[in-house]
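>>> let's see this in three dimensions:
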Amino acid sequence: MNGSSQIEILLVEDNPNDVELTLRALKKNNIANNIVVVPDGEEALEFIFAKGKYVSRVDEKEPRVILLDLKLPKVSGLEVLEIIKKDPVKRKIPVVVLTSSKEENDIIESYRLGVNSYIVKPVDFEKFVDAVRELGLYWLLLNQIP
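Residues are numbered from 1 along each chain as shown. Now for the predicted structure:
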């Protein structure tokens, strides 16, 4: 990771197949160049708050968007979301839940905690590529954040 360039996407995903699919979809659509992948909620929080092995990370270089799975080891995606959205500085980072869960409780709780968008991962790869393209175009190119 180049310390001087903007982190475009923080991908929080524990499933290596889903990581590979997401990265392939982003690359296929030429959407993001600087992506950081972390495998669990605990490491996501360390990255976001520049702690642990990320203590030397330049804090001003926030991700432009966080793609967050819900079912994560160590710290759940909902807990990560809650911690981010309670922080007065970090809450401005857009968080998009990208998960396989269609459970109504997960959707309701995600929005209650302040998620910016909730997307269920399509099973079909081409539909997944389309969803990632639209997600990237909106959150990285069209959306303006403070």
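
>>> what's the neighbour count on the closest residue in space to E42 that isn't next to it in sequence?
Excluding the flanking residues, the one nearest E42 by C-beta to C-beta, 6 or more residues apart in numbering is K74, at 3.9 Å. The way it works is simple: take the backbone N, C-alpha and C, and place the C-beta from them, glycine included. Neighbour count for K74, taken as other C-beta atoms under 10 Å: 14.

>>> start the count at 8, not 1, going forward
Renumbered: residue one is now 8, and that last one reads K81.

>>> how about K81, secondary structure?
Following DSSP: H, G, I helix; E, B strand; the rest coil, K81 is assigned to coil.

>>> quick one: it and V45 touch, right?
No - when contacts are counted by C-beta atoms under 8 Å, K81 is not listed as touching V45 (10.5 Å).

>>> which of the helices or strands spans the residue nearest the centre of the chain?
Central residue of the chain (C-alpha atoms, centre = their mean): L74, 1.8 Å from the mean position. Assigned by DSSP states H and E, L74 belongs to strand 72-75.
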